[in-house]
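[1] Fold the following.
(one chain, ligands or ions: 2)
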Amino acid sequence: MANRLEDEAVEFLSLFYEERCLDGKEARIRDVCEAIRTDGTYEHTAEELAFGARLAWRNSNRCIGRLFWERLTVIDEREARTEEAVAQALFRHIEYATNGGKIIPTITVFKQGASIRIWNAQLVRYAGYRGDGRIIGDPASLELTDICKQLGWVGAGGDFDVLPLVISVGARPPQLFPIPEHLIKEVALVHPDNEAFARLNLKWYAVPFISNMRLEIGGISYYAAPFNGWYMGTEIGARNLADDFRYNRLPEVAAVLGISMEREASLWRDQALVELNRAVLYSYQEQGVSIVDHHTAAKQFQRFIGNETEAGRGVTGDWTWLIPPMSPAQTDIFHQSFDNRIVSPNYFQEKPPYC
Ligand code: HEM
Ligand SMILES: N/C(=N/c1cccc(CO[C@@H]2CCNC2)c1)c1cccs1
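    Ligands and ions are numbered 1, 2, ... in the order given. All right, here's what the predicted structure looks like:
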């Protein structure tokens with residue numbers, strides 16, 4: 001009687017052998033089903049792991065950047081067993097993927113199962129502090145910053161303090177690993193036409209490394225599998241720096257650009273938003289850091305749909321996430337609908353190891 005893991009393993013292995021026109025499928029499936037019956041689990045080969053991680057990106061319904069799914073660099077760190085070894089692998093990932101600003105989409109995969117956990121939501125992220133009556137830094141980081149402080153971390157108390165890596169293995173308490181400063185690339189935000197903008201002293205980190213999602217391939221879950229791409233400008237300019245529950249900087253942007261905030265109907269928010277997003281795109285491009293604007297990203301997504309259709313595959317997507325948070329109706333995505341069916345392999349949001 002085949003169990004659920006066997007079914008998912010057979011489905012993935014069939015896809016792996018068929019899509020790559022390899023032979024030896026029957027023998028591999030027999031070995032894997034034997035392993036599942038004997039040990040209750042099985043291990044992926046390096047090739048199966050790489051193909052699975054790329055498929056998972058291709059199946060990520062909420063991702064607008066999927067055109068490049070085949071270009072993912074997969075680093076196999078499944079032998080790492082200690083917090084120190086995991087930290088060193090993450091430092092190597094940060095350096096390799098940053099690549100001086102010419103960002104390389106990369107994933108590092110640690111041992112399957114939930115024993116190794118990275119407590120950070122992103123490898124590079126700013127701390128958040130509750131000051132007297134106000135929040136300093138990133139409100140999204142308040143909880144993890146508290147955990148770091150309980151573990152002995154002392155932050156500078158500023159708006160842009162990079163948090164240490166927080167890594168746990170098994171039931172051991174988590175260990176802190178400050179990221180060597182030379183590994184962290186940041187972009188100072190300047191405006192293409194208005195030099196007063198620099199007086200806001202805004203910046204953001206170059207590379208987003210998502211480290212809190214679960215990678216599932218053929219029924220096997222990898223709870224520590226951090227991945228990076230490059231940013232779409234609106235993530236920084238229309239959300240991270242603009243949301244009133246994040247950095248909430250639109251009023252200051254309006255002020256420094258002389259945009260009156262007197263009446264909502266003046267659309268001062270929208271005007272300030274456009275200027276902040278122009279500054280983000282301009283600054284990243286000027287400082288040689290990969291970034292994509294939301295119009296170009298939407299066009300690339302249309303090419304992804306074309307490629308998938310040509311390959312005889314359907315495209316699944318989550319419209320609510322695929323539309324950009326700025327001028328969504330100016331993209332074709334807004335005027336299309338998508339099947340939001342969840343296909344595996346995939347990346348899934350996972351509850352944090354704390355709380
Ligand atoms: C190469 C450039 C890439 C760009 C520009 C890009 C862009 C985006 C954007 C804008 C989002 C929505 C994020 C949000 O609204 O908070 C997103 C979501 C997502 N992306 Fe991509 N992406 C890229 C590469 C990747 C890679 C390499 C992976 C994995 C291997 C990936 C997997 C995902 C997943 C799983 C989500 C949904 C996250 C969630 O459900 O919380 N993306 N992407
Ligand atoms: N540009 C990106 N953006 C994101 C991709 C996935 C997730 C996120 C952050 O999602 C958080 C959860 C809900 N919004 C913020 C951002 C990438 C990160 C890693 C590879 S590409």
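[2] which parts of the stretch 251-355 of the chain sit against ligand 1?
    Selection of the stretch 251-355 of the chain residues close to ligand 1 by Cβ under 6 Å from any ligand atom yields 292, 297, 321, 347, 349. The way it works is simple: take the backbone N, C-alpha and C, and place the C-beta from them, glycine included.
[3] How about the first one: what's its closest non-neighbour residue?
    Going back to what we said before, that points to Val292. Take Val292 and drop its neighbours on the chain: the residue closest to it by Cβ to Cβ, 6 or more residues apart in numbering is Met232, 5.3 Å away.
[4] hmm, back to that, could you single out the nearest of the residues of the stretch 251-355 of the chain next to ligand 1 to ligand 2?
    The closest of these to ligand 2 turns out to be Gln349 (Cβ to the nearest ligand atom; 7.2 Å).
[5] Distance of that closest one relative to Leu215?
    Distance of Gln349 to Leu215, computed by Cβ to Cβ, to the nearest Å: 12 Å.
[6] cool, Ala297 as well?
    For Ala297, the distance to Leu215 (Cβ to Cβ) stands at 23 Å.
[7] Looking at those two, which is more packed in?
    Using other Cβ atoms under 10 Å, the more surrounded residue of Ala297 and Leu215 is Leu215, with 26 against 20.
[8] and that one, what helix or strand is that in?
    Using DSSP states H and E, Leu215 sits in strand 213-217.
[9] Tell me which residues are up against that strand.
    Residues outside strand 213-217 that contact it (Cβ atoms under 8 Å, 6 or more residues apart in numbering) are 12, 44, 48-49, 52-53, 55-56, 107, 109, 221-223, 225, 227, 344-350.
[10] What mean pLDDT does that strand get?
    In this model, strand 213-217 has a mean pLDDT of 98.
[11] partners of it in the sheet?
    Strands that pair with strand 213-217, judged by DSSP bridges, come out as strand 220-222 (antiparallel), strand 346-349 (antiparallel).
[12] Quick check: which of these is nearest to ligand 2?
    Taking Cβ to the nearest ligand atom, strand 346-349 is the member of these nearest to ligand 2, at 7.2 Å.
[13] who's in contact with the residue of the stretch 101-250 of the chain found nearest ligand 2?
    Proximity of the stretch 101-250 of the chain to ligand 2 (Cβ to the nearest ligand atom) peaks at Gly229, 2.9 Å away. Contacts for Gly229 were tallied using Cβ under 8 Å, 6+ apart; they are 65, 68, 103, 105, 208.
[14] Over to Ser266?
    The contact partners of Ser266, by Cβ under 8 Å, 6+ apart, come to 259-260.
[15] Gly128 too?
    Contacts of Gly128 were listed using Cβ under 8 Å, 6+ apart, and they are 135-142, 145.
[16] Can you pull the phi/psi pair for it?
    phi -130, psi 130 (degrees, to the nearest 10).
[17] Quick check: bridge partners of it?
    Applying DSSP bridges, one finds that Gly128 bridges with Gly137.
[18] Look up how far Gly137 lies from Pro164.
    With distances taken as Cβ to Cβ, Pro164 is found 14 Å from Gly137.
[19] Looking at these two, which is more packed in?
    More crowded of Pro164 and Gly137, by other Cβ under 10 Å: Gly137, with 24 against 19.
[20] That one touches Asp159, doesn't it?
    Yes: in this structure, Gly137 is within contact of Asp159 by Cβ atoms under 8 Å, at 5.2 Å.
[21] Mutual contacts of these two, please.
    With Cβ under 8 Å, 6+ apart, Gly137 and Asp159 have common neighbours Tyr126.
[22] number of nearby residues for the nearest residue to Leu202 once chain neighbours are set aside?
    Nearest residue to Leu202, sequence neighbours excluded (Cβ to Cβ, 6+ apart): Leu189, at 4.2 Å. By the criterion of other Cβ under 10 Å, Leu189 has 24 neighbours.
[23] which residues touch the closest residue to ligand 2 within the stretch 51-200 of the chain?
    Of all residues in the stretch 51-200 of the chain, Gly65 sits closest to ligand 2, at 6.0 Å by Cβ to the nearest ligand atom. Residues counted as contacts of Gly65 (Cβ under 8 Å, 6+ apart) are 229, 232, 292, 297, 300-301.
[24] 7 Å - rerun?
    Neighbouring residues of Gly65 by Cβ atoms under 7 Å, 6 or more residues apart in numbering: 229, 297.
[25] That one and ligand 1, how far apart?
    3 Å (Cβ to the nearest ligand atom, to the nearest Å).
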